[in-house]
Every structure is written in structure tokens, then in C-alpha cells.
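S.K.: next one to model:
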Amino acid sequence: MSNAIFKFKQFSVRQQKSPMKIGTDSVLLGSWVKPEKSKSILDIGTGTGIIALMLAQRSKAFIDAIDICPQSCEQATENFSKSKWSKRLNIYCQPIQDFTSNKKYDLIVSNPPYFSCPKTHHEKEGSQARFTHKLSFLELAEFVVNLLSPKGKFNVIFPIHEGARFTHEAEKCKLFLTEYIWVKTTDRKKIPKRILMQFEFSKKDIPKESELIIEKDNQYSAEYKAITKEYYLKF
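M.R.: All right, here's what the predicted structure looks like:
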């Protein structure tokens, strides 16, 4: 498999132009989200467009994708145009602070920035996509609140400590955690590395705590294969 092209079962993702390469976080989020009933979806920080493509595969929704990086937008545009769902996929190359829409989205997803960084930081190409001085947690929560439909869902992935921080900011905006799953990279790790989270406007009883382990005994776990099997060629 070429580093420039990542092939999935129903689509391919070209990534040579985008500073943000395909990673496990994006695949986890795109696999975990349930888009089937959604008519409209917004992908914040789309990068190569991988999550938008994953959700297009499993829904009939019209999907808007936003990214601040021109190279990523160019790459996502190419990937969208070469997919079988090109007529349902749109890209907007702008900060979300400048994005406006007359519609409310049934589902909003994001693999967002989470590293703290001073505004004077001299960025390497693409690094702005991972630092919160371009998009704070509060700005992200406020943006989601403005564009999410009353019964809509917001799905996001964070490192565990940043997930707690975002939950605090989201609650200020009356956006509440309704589901989550801890993610461990291997069964040798005691502490989860990531948390997949779902937020809604209504408070609900959160289901019993659950955990996903990617590798067990140096092999991909059955639960990881199950969640990603609609995409990965090897599963």
C-alpha cells in the first residue's frame, strides 16, 4: 500500500498533499459514529476527507466538510470527486469561525485540535490543525451549538484529559455528554489513550462505561475488527 494512497473497501484516500495524514483517531471516529439516520452531516477539520467519506458510505446524508488548510482542502476535494458519493460531499476552505449555514445538522463530527500552544508559536506546515490557539474548546462547543439540530448529535475524539476539559466547556453551552467509550492501544496499557464522545442538548443517563482495546496479544482485537470491518480491506 502506497503512503500516498490509502485504500479502503469502497473508496481510496489520497494524502500526499495534506499535512494531516490518515491516523487511527480518524478511523476510530468514523467507524464509531452512527450516521445512518442523518440527512445532513458536518465534518469539522476534515483533513483528507476520510471521516466524511466513511460517513457517506454508511448514510444517504448530504455532507459538508470544513478545513482551514488549503492543501487539505485541495486533497479532500480530489478524494470527494473520485468517490461514488461526490454529489453529496462539499468542502469549505475556511476557519469554522467564518462558516455560516442556513441549515441545522443532524450530525456533527470532529477530530479536533487539542494541544495548547501560545499564539506566538511558529507553526510548521499543517501543525495549526492540532493546536487550540486556532480553535479553542469553547469556540468549538459554541459553533456546534449554533449549527446542531435540536435532536442532533455531536461526535468527537480526544485524548482523555482533553476530553474532560472539553466536556466542561460544552456543559457551559448546554451541550451534554450522553455516550462515550475509552480506547486503549493495547491490552498492555493500563490507562486509555483516547476517548470517543457523543454530546447532545438533552441530559441522559450515560450507558455503562465501555472500553475498546485495539490490540490484544499483539494482534488486532475482535472488537476493533468488528468496528472497522466495513472499511479495512484486511478485515
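S.K.: distance of Lys189 from Lys216?
M.R.: 11 Å (CB to CB, to the nearest Å). C-beta coordinates here come from the backbone N, C-alpha and C atoms, glycine included.
S.K.: same question, Leu175
M.R.: 34 Å.
S.K.: between those two, which one's more packed in?
M.R.: Just comparing Leu175 and Lys216: by other CB atoms under 10 Å the higher neighbour count belongs to Leu175, 20 against 15.
S.K.: need the contact list for the closest residue to that one other than its chain neighbours.
M.R.: Leaving aside its chain neighbours, Leu175 sits nearest to Phe199 (4.8 Å; criterion: CB to CB, 6 or more residues apart in numbering). Taking CB atoms under 8 Å, 6 or more residues apart in numbering, we find Phe199 in contact with 144, 153-156, 170, 175-178.
S.K.: same check, this time on Glu230
M.R.: 9, 31, 57-58.
S.K.: now the helices for the chain?
M.R.: 24-32, 50-57, 70-81, 137-147, 160-172, 222-228 (DSSP state H).
S.K.: below-threshold pLDDT in the protein: ranges please.
M.R.: 1-3, 114-134 (pLDDT under 70).
S.K.: repeat that for 50
M.R.: Within the chain, the ranges that satisfy pLDDT under 50 run 1-2, 115, 118-119, 121-123, 125-133.
S.K.: number of nearby residues for Gly47?
M.R.: 29.
S.K.: typo on my end, Asp205
M.R.: 6.
S.K.: how close does it sit to Thr178?
M.R.: 9 Å.
S.K.: and if you look at Lys193?
M.R.: Lys193 is 22 Å from Thr178, by CB to CB.
S.K.: and if you look at Trp85?
M.R.: 28 Å.
S.K.: many thanks, I have nothing further to ask.
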